[in-house]
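Q: Sequence plus the predicted model coming up.
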Amino acid sequence: MNKPWLASIEYIRGVSMLGVVAIHTGSQYLLNPTPNIHLVALFEIVSRFSVPIFFFISAFGLFYRMDLAEPFSYGKFLRRRFKAVLLPYLLWSTLYLVHDNWFYGYQLFPDFDYATEIYFFGLAKYHLYFLVILIWFYLLMPLWIALVRRMTPARLLLLLAAQIAFDWWSSYCAGTSDNLFMKWRLNWLVLHYVFVFVLGGVLAVHSQRFFTWCQSHKKIISATFLITLITLLGWYYFLIIVRNLSPEAAVNTAHQLSPPGIFYTIAASIFWFTWFQFGKLPVSLKTFLSALGKNSYFVYLAHPFAIHYLSLGMGKLGLIMTAPNALAFYVLTVAVNLSVKLSWQKFFQASPR
């Protein structure tokens with residue numbers, strides 16, 4: 001279907017990438033035995049929408065261009081999506097495995113079963129599980145189409161309730177298991193993010209009504225976003241100040257699959273979409289957001305390399321991860337990856353064909 005291009009999708013993709021890098025920078029900062037809890041909150045709590053919001057915009061983009069009255073070409077869909085996701089996943093997984101084998105001396109593939117576990121559950125590097133979940137969403141696309149076609153407001157609320165219950169069980173009740181599928185359930189099980197994906201699809205199918213609603217309810221959308229953010233931050237500070245949890249333990253409790261985290265994700269998805277699509281943004285900001293969005297996939301895939309080598313550089317310089325250094329570390333991680341991507345593009349554009 002020929003529909004207008006949505007700049008907001010590209011902008012959200014860039015913001016999501018910034019959030020992912022913030023979370024992984026926060027993991028480095030938490031190695032500091034006495035981290036600033038407010039900076040941890042910025043890195044690890046405010047950015048918590050960044051992974052699930054990408055499932056939202058992925059579904060929105062798919063269903064926005066789809067005519068549900070037309071037959072769905074499953075084979076063609078998988079070929080296109082696997083070229084964009086599966087091949088990069090396999091390539092970057094192998095690249096990280098080879099790198100870590102060279103750098104740390106790990107045995108590359110001790111046996112076939114372990115290699116299968118690494119690739120199946122996205123264990124080659126800490127951020128690649130996201131692509132595994134996305135692949136599963138693509139594999140189950142006929143199911144999502146059927147759900148979106150039959151979704152009503154009442155059923156959407158029931159799905160939300162089921163999502164909260166399941167994520168609570170998986171996060172706080174299920175515990176550990178020797179079964180690999182249960183042990184690595186957060187790395188592959190799409191059930192953790194079904195609601196936000198289906199919500200993106202439903203809103204895309206009813207895009208005109210959704211756009212009209214967003215334009216006329218900007219204040220309510222902004223207030224809801226702020227309330228959900230304050231609620232999630234409040235829980236984080238409660239866990240530290242009242243429950244005496246460490247910042248790391250608080251972050252691992254007040255995450256995106258917690259009930260406040262789920263509502264924060266929903267509010268953030270609609271807020272960022274509304275602000276980017278209908279807000280009056282300066283041209284310079286649009287240019288910056290567009291550059292982030294266009295290059296976000298590479299930065300997402302490659303940023304652990306920058307984190308690794310910047311950490312080594314800090315160690316050689318005798319620097320510790322203080323709050324100012326952590327902020328500089330974050331900016332450098334994003335800047336280095338963007339610079340590499342843009343330089344790579346310029347090189348190929350300048351090369352004779």
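A: Okay, I see it. Numbers count the residues shown, from 1 in each chain.
Q: which element is the closest residue to residue 247 other than its chain neighbours on?
A: What sits nearest to residue 247 in space, not counting adjacent residues and going by Cβ to Cβ, 6 or more residues apart in numbering, is residue 40, at 4.7 Å. All C-beta atoms are positioned from the backbone trio N, CA, C, and that covers glycine. Using DSSP states H and E, residue 40 sits within helix 37-44.
Q: likewise residue 268?
A: Going by DSSP H and E, residue 268 is part of helix 259-278.
Q: Need the residues that contact that helix.
A: 6-8, 11-12, 15, 48-49, 52-53, 56-57, 60, 160, 163-164, 167-168, 195-196, 199-200, 211, 214-215, 218, 221-222, 224-225, 227-229, 231-232, 235, 254-256, 289 (Cβ atoms under 8 Å, 6 or more residues apart in numbering).
Q: what's the helix or strand containing residue 113 packed up against?
A: Using DSSP H and E, residue 113 falls within helix 112-121. Contact here means 3 or more Cβ pairs under 8 Å, 6 or more residues apart in numbering; DSSP states H and E; on that basis helix 112-121 packs against helix 86-104, helix 129-139.
Q: quick one: which of these is nearest residue 344?
A: helix 86-104 (14.7 Å; Cβ to Cβ).
Q: what's the closest one packed up against?
A: helix 112-121, helix 129-139, helix 283-317.
Q: Please produce TSV containing these, extended by distance to residue 262, mean neighbour count and mean pLDDT.
A: Compiled in TSV, the helices and strands packed on helix 86-104 are given as follows (distance: least, Cβ to Cβ, whole Å; neighbours: other Cβ atoms under 10 Å; pLDDT from 0 to 100):
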stretch	distance to residue 262	mean neighbour count	mean pLDDT
helix 112-121	23	14	90
helix 129-139	16	19	97
helix 283-317	22	16	95
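Q: could you dump those to JSON lines with distance to residue 44?
A: Converted to JSON lines, the helices and strands packed on helix 86-104 look like this (distance: least, Cβ to Cβ, whole Å):
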{"stretch": "helix 112-121", "distance to residue 44": "23"}
{"stretch": "helix 129-139", "distance to residue 44": "17"}
{"stretch": "helix 283-317", "distance to residue 44": "15"}
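Q: Go through these and name the closest to residue 71.
A: Of all the helices and strands packed on helix 86-104, helix 129-139 comes closest under Cβ to Cβ, at 17.7 Å.
Q: ok so, going back, centre of the chain to the helix holding residue 40, how far?
A: 18 Å (Cα atoms, centre = their mean, to the nearest Å).
Q: tell me which residues of that helix are tucked away?
A: 37, 39, 40, 41, 42, 43, 44 (16 or more other Cβ atoms under 10 Å).
Q: ditto for stretch 325-337
A: Neighbour-count burial for stretch 325-337 [16+ other Cβ under 10 Å]: 325, 326, 329, 330, 333, 334, 336, 337.
Q: wouldn't the fifth one be in contact with residue 308 here?
A: No - here residue 333 lies out of contact with residue 308, judged by Cβ atoms under 8 Å, at a distance of 10.1 Å.
Q: overlap in contacts of those two?
A: In contact with both residue 333 and residue 308: no residue, using Cβ under 8 Å, 6+ apart.
Q: ok, back up a step: I'd like the helices and strands packed on helix 112-121 laid out as TSV, including distance to residue 184.
A: Listed next are the helices and strands packed on helix 112-121 as TSV, based on distance: least, Cβ to Cβ, whole Å:
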stretch	distance to residue 184
helix 86-104	14
helix 129-139	8
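Q: and residue 25, which of those helices is closest to it?
A: Per Cβ to Cβ, nearest to residue 25 of the helices and strands packed on helix 112-121: helix 129-139, 16.7 Å.
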